[in-house]
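> I'd like to go over a predicted model; first the sequence, then the structure.
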Amino acid sequence: MNSMILDKQKTNKIKKLDSPKFTIGEIVKHKYYPFRGVIFDVDPEFMNSEDWYDSIPEDIRPKRNQPFYHLFAENDEGPYIAYVSQQNLLHDESSDPCSHPQINSVFEGVRDGRYMLKNSNLQ
């Protein structure tokens with residue numbers, strides 16, 4: 001009986017990860033900040049530095065147990081790489097292409113509103 005209680009306690013302590021809502025090649029925008037971008041990688045949960053995490057204002061700091069997306073991002077100041085939590089991303093409904101200079105190194109064009117990976121039969 002004691003081992004059953006311990007197993008249940010262990011199970012309850014395991015953090016449940018959210019499922020990814022976005023896919024590689026998808027064009028997204030930030031919920032609060034004026035930038036958009038193309039997803040080129042996904043972490044199943046937070047995998048950046050503690051300094052990065054602590055630099056986010058506490059009132060909008062995302063939870064850790066959700067997917068975090070790597071984006072070829074762009075805003076009015078130019079292109080950059082962004083790391084964004086799922087809770088802070090939205091689908092970008094515009095049909096405008098992204099102009100980040102690294103997009104062409106990973107993707108070969110847009111189909112059905114999504115960038116297609118180069119040399120990939122997985123999509």
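Nice, I can see it.
> ok, how many other residues are close to residue 37?
27 (other C-beta atoms under 10 Å). (Each C-beta comes from the backbone N, C-alpha and C, glycine too.)
> Check whether it really touches residue 82, as I assumed.
Yes. In this structure residue 37 lies within contact range of residue 82 using C-beta atoms under 8 Å: 6.0 Å.
> Spit out the residues that contact these two alike.
Here residue 37 and residue 82 have 71, 73 as joint contacts, going by C-beta atoms under 8 Å, 6 or more residues apart in numbering.
> so how far is residue 112 from residue 82?
Per C-beta to C-beta, to the nearest Å, residue 82 is found 23 Å from residue 112.
> For the residue nearest to residue 103 when sequence neighbours are not counted, list the residues it contacts.
Distances taken as C-beta to C-beta, 6 or more residues apart in numbering place residue 72 nearest to residue 103, at 5.3 Å, with adjacent residues excluded. By C-beta under 8 Å, 6+ apart, residue 72 lies in contact with 37, 38, 40, 79, 81, 98, 100, 102, 103, 106.
> Sitting in strands, which of the residues you listed do you find?
Residues of the contacts of residue 72 located in strands (DSSP state E): 37, 38, 40, 79, 81.
> Sort out which of the contacts of residue 72 are buried, if you could.
Buried residues within those, counting neighbours by 16 or more other C-beta atoms under 10 Å: 37, 38, 40, 79, 98, 100, 103, 106.
> Fine by me, thanks again.
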